[in-house]
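1. Dropping the sequence and predicted coords here.
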Amino acid sequence: MADHSGGGWDLIATPWHLDEHIPAFPIPANVTETISPALPAGPAPGRTTLRYQAVADAAARAARPLLLSGDCPAALGAVAGLQRRHRDLTVVWLDAHGDFNTPAITISGYLGGMALAMLTGRAPEPFCDALGLRPVADTHVVLADARDLDPAERDALTASQVHRVPADPAAITSALDGLGRTPVYLHLDVDVIDSAQLPGLRFPSGPGPSVTQIEDCLAAVCATGDVRAASIACAWLPDRVSDGATRETITRLARALGADLAWTEPADR
């Protein structure tokens with residue numbers, strides 16, 4: 001797959017939140033591939049699995065995929081695709097939430113709150129087996145921020161060997177330095193950013209790091225680790241995801257990774 005996004009990245013967009021299509025999702029003009037399959041009627045997990053399988057195939061084809069998605073579990077597909085050519089991976093996960101719930105401990109039942117638990121093998125159902133996803137060892141996961149946790153989720157993280165750090169470039173760099181040169185998958189949920197700076201988030205988590213601080217974190221990961229793939233979960237509400245301020249934020253975050261996004265259609269204001 002050719003690089004069309006600049007900076008050595010292959011830009012992939014999947015304008016969905018689980019099995020909900022987001023028509024207004026901002027798709028850059030220099031996108032390499034858009035993942036938007038026609039999903040059959042049926043239960044949401046089965047429909048969503050088909051989308052993540054398509055993401056895995058696209059990530060496997062791309063030399064260096066950068067995924068823009070409306071949800072975090074799309075990362076499962078990206079990692080599954082990356083695992084087709086890399087046996088071991090380090091995962092850096094920046095998020096206001098831990099995404100460490102499982103079906104056994106979740107309060108809400110929300111699948112988007114289980115993505116990191118799924119990646120580490122704690123909740124293989126319903127996606128991991130279908131994607132051929134191999135669990136990533138806790139010791140090779142760096143979770144930054146995660147300020148908004150459910151009680152049982154907090155206990156699960158405390159009992160794990162996941163490296164928990166603040167959303168601070170020096171802290172993330174230090175954690176990565178201890179993990180060697182294993183290929184890195186970098187995941188960012190935009191809700192890690194202070195919600196006062198990003199109106200319209202699906203799950204705002206109050207005060208947190210600024211956009212500039214997160215840009216610095218992304219740049220630090222790229223400078224320190226061997227980043228082979230990345231994703232930005234654009235977790236805004238469907239009626240806010242096409243705002244001009246939203247597009248500006250996505251552009252800034254992608255630029256911090258070294259990717260230049262191009263836009264042709266005017267943003268909603």
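-> Cool, got the structure. Predicted, not measured: the structure shown is a model, and the values here were computed from it.

2. And the helices in the stretch 1-150 of the chain?
-> 44-61, 74-83, 115-119, 128-131 (DSSP state H, counting those that start in this stretch).

3. Let's have those in CSV, adding distance to residue 241 and mean pLDDT.
-> Quick note: C-beta positions are derived from backbone N, CA and C, even for glycine. Listed next are these as CSV, based on distance: least, Cβ to Cβ, whole Å; pLDDT from 0 to 100:
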stretch, distance to residue 241, mean pLDDT
helix 44-61, 17, 96
helix 74-83, 15, 98
helix 115-119, 19, 97
helix 128-131, 25, 94
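
4. Let me have the ones you listed in a markdown table, extended by distance to residue 204.
-> As requested, these are exported to a markdown table (distance: least, Cβ to Cβ, whole Å):
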| stretch | distance to residue 204 |
| --- | --- |
| helix 44-61 | 23 |
| helix 74-83 | 20 |
| helix 115-119 | 18 |
| helix 128-131 | 29 |
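
5. Reformat these into JSON lines and put distance to residue 200 and mean neighbour count next to each item.
-> Putting the helices of the stretch 1-150 of the chain into JSON lines (distance: least, Cβ to Cβ, whole Å; neighbours: other Cβ atoms under 10 Å) gives the following:
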{"stretch": "helix 44-61", "distance to residue 200": "23", "mean neighbour count": "20"}
{"stretch": "helix 74-83", "distance to residue 200": "20", "mean neighbour count": "26"}
{"stretch": "helix 115-119", "distance to residue 200": "21", "mean neighbour count": "28"}
{"stretch": "helix 128-131", "distance to residue 200": "30", "mean neighbour count": "17"}
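
6. Of these, which is nearest residue 141?
-> helix 115-119 (7.2 Å; Cβ to Cβ).

7. re earlier: looking at the helices of the stretch 1-150 of the chain, spot the one closest to residue 96.
-> Comparing the helices of the stretch 1-150 of the chain by Cβ to Cβ, helix 115-119 comes nearest, at 12.6 Å.
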